[in-house]
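# Sequence plus the predicted model coming up.
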Amino acid sequence: MASQAKGLQNFISDLRNAKSKEEESSRVERELAKIRRKFASGLSSKSNEDGSNTSLSSYQRKKYVWKLVYIHVLGYEVDFGHSEVLTLVKSNKFSEKQVGYVALSLLLRGSDPLMNSVVNSIRSDLVAGGASKGSNSVQIDTAQSLALCSIANISGLELIQALHVEVQHNLVSKTSSPNVKKKSALCLLRLVRTSPNLFAGREFAPHIAQLLQDRHLGVLTSTMSLLNGLAVQHPTEYETLIPYVVHILGMLVIKKACGKEYLYYKTPSPWLQIKLLKFLQLYPNILAEKDANPSSKASTAQLTQVVQKILTETDVSDSINKSNADHAILFEAVNLIVCWGPSGPTQLREAAMKLLGKFISVREPNIRYLALMTMAKLAQLDTGSAEGVKKHQTTVLVSLKDADISVRRRALDLLFVMCDSDNAEMIVDELVNHLVLADAAIREEMVLKIAILAEKYATDLRWYVDTILKLISISGDHVSDPIWHRVVQIVTNHPQGDLQAYAAATLLVAASPRRCHETAVRVAAYVLGEFGFLIAERPGMSGEEQFRILHQHWHSSDETTRAILISTYAKLANLYEECRPLVAPVFARCKNSVDVEIQQRSAEYAAMREAFSPEAVEDLLREMPPFEDKEQTALELRLKDKEGEDSATFVKAARPSVEQRQRAAQAAAAAREVEEEAQRQHYEEEGGEEDYDEEDRLQDLAPVGIPKEIIPAMRKAFSNLCTCSSGVLFENNFIQIGLKHDYQAAQGRITVFFGNVTSNLLKHVRISIDDCDHLRMQKQGTEGLLDDEEGGGCSVAARTQAKLLILVETLAPFDDAPAMRVKFETTEGIKHEYPLRLPIVATCFMEPVELASGAFMQRWKSLEGQERECQEIVKAPQSAPEIDEEYMEKIRSIITDGLHFGHCQGCDPTPWTISGAATYRTGSKDKNGNNINVGCLVRVEANPQARAFRVTTRTLHPLCSKAVKNVALVSIKLA
């Protein structure tokens, strides 16, 4: 063997001894020229049909081909010698065939025309295992393996079509050795990846099932690689193999059935366990199937036992290799639990969360990284998982300061996912504080996620504006345009309250210093141009002062900022006479600007007053209309582009919070009021609705909403049902919606009836109820009633009704009722859509408490404080009788029977005062496993002379105080 490789060894030595790249290249070129001459010498007289030189000896041919292979591996181009390679492959000698297959894999591609001449030789090597092997079985197996490796490496389409049947035969043949089966499985995987529709999955699945019963763990490992590759493309076709996979996993994990050669630091074949778990992750609904047969149920029970054992027996090991193997299996098991989602066993999710909580504090950074990433996925499953992850909030905040930036990124993701209405302000403040010390590499990501969280959970949008300004002041270079654009959109789209005036005043103060970040100047310029008039009467905030503060940044701003400033100047000049002499010189100078945008804006604004009437100019420069609310904001799309659609952070960002739904509902209500008012004025100007023909009426009013004349009755019905167990929620000429509800502790049962009061059929009756973070709801109704697709729903015949059953459990205090939307269509084709509210309020989950006067007053005083107390004065209705003791008895009944408070006798100094106590029950658990409850106190004080009542509520939770106060006020008004 040494003499056979002498020429190759000398050539390799020459290349290694080369002192420069040029010397190496020169030596390679000389050798290529020599080999070319050897292959070509005597070619005309002594050559085969394929062009190979028959005068070469076996030794020479192998030596020269090895040299070509080595030259190719060094990166030099080899464009000849292919015929000699094919000759070696076709040889019957094993030593020549071995060299030929190695060279074939490296030097030829599937599209090479010469490949057609070698297909038969490869096929003969593949099928050689079917014959009796005898004493040369090792060489035959090796030849088969070489052929399989060459097919996998070349993998041309023509080669695949010609030989894939033989590869499958070698894989499933009982005469194939384990080594050949392993190579066949991996070769077939490569072919399937190149040509996905190579064979039908349902026909091939039985062969895979046969292979999964092989006792050789190497064959099982290669088969699972093939199975994972196939099942990713067509999962349903291989679902029948789940029991086999679970059985193998049980043998490895529970019985430890594994040969010594496959034990890795006493862990049975960890690579095979990982592949098995990855396959099971493709079937997330395996535990949710209710009609499974007994064998499937046994399989799922065994799978649950296997996962439980992995969770309980995995721990941090002193051996790094063992620790890595065990934790690789563990994290795949946790990923399987994540794939199961809420349908999986709760105890497994809790055990996984507990284990991950321990891993996020270990020293090994790889384990911390995986634990943080997996915990973020687990926290997305349900409210219980989200509550469990909050226990580790302090540890995650510490990980945010880790030396490894990848760990810091995963800690940031987990903080983003665990954020909710309760801890949003604290987490956002912590992230803002950490932003000062954060590396530049992670700042942009932090700023984006802080901005999303601040918008998502802002109970007061003024806090959102303040948070974005902090981001700009701390890390303005990393505040992208979509972030400040979003501020502008939110301020513009929320005219309610004083948000616009607050934003204008705050941004004016932020832009006052001469050294101010340019992003702050852009936001301030836009907002002041739109809403600066709201603060113009305040001291130091006149239109002239606004211009002066903005214009001081003109010379330090770029073209984009200057373009915004010019538009703002035009609006200021339109509103304030004193600003026009200040703005005119700026427009005059900018008419000759080299920037086309600035030049055009300046010229148009300067000529506007001369070209148009004052009224037209006023219309052109009035504030911008509200922006369109898109399904996904620009910030969410940016997060999606950065981290992917399936990432835990994007799933969290795309799911609207309670605060966002409340703001959307308020905005929709305000928009409807504006639209209805505009429509009413239009009708009045046109002489009334009679001017419209029937076709226009149907087009303009589809879908028909709730008529304004029945809205007062609808609100009264809702308020009555907040304190009554049954009644009519809504009624008009088409439909009557009745409701019965009863509650026990934190759970309630609500039955809603949708009755057709017409003499015709109501079609496509559909009900949709918004999900709430504070309520866990299960809904079941008449078939099709909960179908939200257009054209779906159920039909309700005349004088009949559809039924909806809702089982609800409260998880946290809340002050809003769930929204329900009722849709249906009449036989005339008129669509109706009614936005309603279900009378599920916080007082429904109260349990009365009887307190002695001393105990009541002691607790009343202990709950003093602005955040714990809510108070409001309400006037008695004009139609109500005089406030006397009989009337007060009616109020007492409302407090005890309607609000479910216990009457605390003896602590009311006068007959005009009523005091009560109750406990608000929730289904959430504390760290000890006990239900979380909130104590509530209420006091109603009457002033007969002023015909007014003062309602005061005190609880430990602000939302609880507000909710009780609101229900009490409405009930008193209706008394």
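Nice, I can see it.
# And the residue nearest the centre of the chain, its phi and psi?
Ranked by distance to the mean C-alpha position of the chain (Cα atoms, centre = their mean), the top residue is residue 651 at 0.9 Å. When read as degrees, to the nearest 10, the backbone of residue 651 gives phi -60, psi -40.
# any idea how far the nearest residue to residue 256 once chain neighbours are set aside is from residue 298?
In this structure, residue 256 finds its nearest non-sequential neighbour in residue 268, 5.6 Å apart by Cβ to Cβ, 6 or more residues apart in numbering. Yep, even glycine has a C-beta here, placed from its N, CA and C like the rest. From residue 268 across to residue 298, the span is 22 Å (Cβ to Cβ, to the nearest Å).
# Identify the residues contacting residue 314.
Going by Cβ atoms under 8 Å, 6 or more residues apart in numbering, residue 314 touches 326-327, 329-330, 355.
# residue contacts, residue 189?
225-226, 229.
# same thing with residue 329?
Shown in contact with residue 329 (Cβ under 8 Å, 6+ apart): 267, 270, 273-274, 277, 310, 314.
# Angles on the backbone of residue 837, please.
Main-chain torsions, residue 837, degrees, to the nearest 10: phi -130, psi 130.
# That one and residue 821, how far apart?
10 Å.
# Which of those two has more residues huddled nearby?
Shown here are residue 837 and residue 821; by other Cβ atoms under 10 Å, residue 837 has more neighbours (19 against 14).
# More neighbours: residue 268 and residue 298, which one.
Set side by side, residue 268 and residue 298 show more neighbours around residue 268, with 19 against 13, by other Cβ under 10 Å.
# how much space between that one and residue 260?
Distance, residue 268 to residue 260, by Cβ to Cβ: 10 Å.
# cool, residue 953 as well?
Here residue 953 is placed at a distance of 71 Å from residue 260 (Cβ to Cβ).
# These two: who's more crowded?
residue 953 (27 against 5).
# does residue 299 really touch residue 241, like I thought?
No: Residue 299 is beyond contact range of residue 241, at 10.9 Å (criterion: Cβ atoms under 8 Å).
# returning to what we had before: go through the contacts of residue 314 and give me the one with the most neighbours.
Neighbour-wise, these (other Cβ under 10 Å) top out at residue 330, 25 neighbours.
# Without its sequence neighbours, what residue ends up closest to that one?
On the basis of Cβ to Cβ, 6+ apart, the spatially nearest residue to residue 330 that is not a chain neighbour turns out to be residue 314, at 4.3 Å.
# pLDDT at that neighbour, what is it?
In this model, residue 314 is scored at 76, pLDDT.
# Would you list the phi and psi of it?
Dihedral angles (degrees, to the nearest 10) for residue 314: phi -90, psi 130.
# same check, this time on the one 5 residues further on
Note on residue 319: its backbone torsions stand at phi -80, psi 120 [degrees, to the nearest 10].
# Just give the number of residues close to it.
By other Cβ under 10 Å, the burial measure for residue 319, its neighbour count, is 11.
# again, but for the one 4 residues further on
Using other Cβ under 10 Å as the criterion, residue 323 is surrounded by 19 other residues.
# does it sit in a helix or strand, and which one?
helix 320-340 (DSSP states H and E).
# list the buried ones in that helix?
Residues 322-340 are the ones in helix 320-340 that count as buried (16 or more other Cβ atoms under 10 Å).
# How about stretch 717-733?
Within stretch 717-733, the residues scored as buried using 16+ other Cβ under 10 Å are 717-723, 728-732.
# what's next to that stretch, contact-wise?
Applying Cβ under 8 Å, 6+ apart, the contact partners of stretch 717-733 are 706-707, 710, 714, 736-742, 752, 757-758, 817, 822, 834, 836-839, 841, 843-844, 894, 897-899, 967, 970-971, 973-974.
# Quick check on those: which are buried?
Among the contacts of stretch 717-733, those classed as buried by 16+ other Cβ under 10 Å are 706, 714, 736-739, 741, 752, 817, 822, 834, 836-839, 841, 843-844, 894, 898-899, 967, 970-971.
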